[in-house]
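generate coordinates for the sequence data below:
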Amino acid sequence: MLRLPELDFLSPSTIEEALQMLADDPSGTRVLAGGTDLVPNLKRRHQHARRLVSLGRLASLRGVSGDPAHGLRVGAMTTLRSILKNEVLEQHWPGLIAAVRSISSPVLQSMGTIGGNLCLDTRCTYYNQTEEWRSAIGYCMKEAGDTCWVAPSSSRCWAIAASDAAPLLCAIGARVRLASTRGERELAVEALLCDDGIAYLSKAPDEVLTDVLLPPAGTWKATYWKLRRRGSIDFPVLGVGTALRVGKNGVVEDVRIFLGAVASAPVRALAAESILQGHILDETTLVSAGKAAQEVATALDNTDFTMTWRRQMIPHYVAGTLRELADLPRVGLLGADGLEC
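The predicted structure follows:
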């Protein structure tokens, strides 16, 4: 049985108390939300801490509030299960529901939180192994070594972003609120996530993610499609978050496409978006946009399935999300809901 290392467990009753605890030792302290990723990582010695600051008692960080017409606030400690059961989110942001539903399993959805999923540690075949396995190869750059075993000649870590919520939230232009003893600040989810397997968050060590801020309802139609080996539990080997606005004449007025699990942060498919912008969605534009999205993916052998096949799936999944949002017939592949795309 894997056991946690010795550490101090702190359970503040207010956000101010939590922020002060974190400020006292930011480099040696980890913030504990649902713990579905952090606790196993601590047990396997992937991550390390002298102290854990639990946010479990902070009711102010849970729940959905606000007016859909002006934007909703989702507390970072809101469980994934609570999001799935929220009728306002289901009505106004079904794309977020699709992304959250794809995360892990019902049991872990009852523990995991939306803030925790956004701050999920990056993953890699060479990193997410037992301590004995990792030490046998001399560790990797993400831990105690100096080599990225996926790309040994590279000067950076190529562990991939594994959050399912992140690509969708990036696509709809959601923002987050961060708090510390120095005050609060807001930034786009896209700016929170950095394309670096080690330094994958722009959040400072003494900051806590307190809120996820959704734009006004009706801003976008959005959806999320996920590729994985099994229908539950597994992390994505490809995630596509797409947000679309189409005019009455069928012309694309605006579109945002983000790919997850193909780099250390969600990647925006700008070339694909430019092909779609101002055009009617038909098979020609769908195929062209899918191929353009494929070009931004970094094909590396750092997760499940072969890198070549994963990359070949990108055009199909991008086209699938667009077909769904444009109410076009689905062909060929199984989408996030098990239907053909």
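
tell me where the chain has strands.
Per DSSP state E, the chain carries strands over the ranges 8-10, 29-32, 51-54, 64-67, 71-75, 175-180, 183-188, 208-213, 221-227, 238-246, 252-260, 267-268.

so can I have a markdown table of these showing distance to residue 330 and mean pLDDT?
All C-beta spots, glycine's among them, are computed from the backbone N, C-alpha and C. Formatted as a markdown table, these follow (distance: least, Cβ to Cβ, whole Å; pLDDT from 0 to 100):
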| stretch | distance to residue 330 | mean pLDDT |
| --- | --- | --- |
| strand 8-10 | 49 | 97 |
| strand 29-32 | 41 | 97 |
| strand 51-54 | 44 | 98 |
| strand 64-67 | 31 | 97 |
| strand 71-75 | 29 | 98 |
| strand 175-180 | 32 | 98 |
| strand 183-188 | 31 | 98 |
| strand 208-213 | 30 | 98 |
| strand 221-227 | 11 | 97 |
| strand 238-246 | 14 | 97 |
| strand 252-260 | 18 | 97 |
| strand 267-268 | 24 | 98 |
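
reformat those strands as a markdown table; add mean neighbour count and distance to residue 158.
Output for the strands of the chain, formatted as a markdown table (neighbours: other Cβ atoms under 10 Å; distance: least, Cβ to Cβ, whole Å):
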| stretch | mean neighbour count | distance to residue 158 |
| --- | --- | --- |
| strand 8-10 | 13 | 33 |
| strand 29-32 | 21 | 24 |
| strand 51-54 | 19 | 28 |
| strand 64-67 | 14 | 35 |
| strand 71-75 | 21 | 31 |
| strand 175-180 | 20 | 25 |
| strand 183-188 | 12 | 24 |
| strand 208-213 | 23 | 24 |
| strand 221-227 | 25 | 19 |
| strand 238-246 | 26 | 16 |
| strand 252-260 | 23 | 15 |
| strand 267-268 | 20 | 13 |
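
is it correct that residue 251 is in contact with residue 276?
No: contact criterion Cβ atoms under 8 Å: residue 251 and residue 276 do not qualify, at 9.8 Å.

more neighbours: the two, which one.
residue 276 (25 against 14; other Cβ atoms under 10 Å).

pLDDT score assigned to that one?
Here, the pLDDT recorded for residue 276 equals 98.

could you measure from it over to residue 241?
Separation of residue 276 from residue 241 (Cβ to Cβ, to the nearest Å): 15 Å.

so which of the strands of the chain is nearest residue 101?
strand 221-227 (9.0 Å; Cβ to Cβ).
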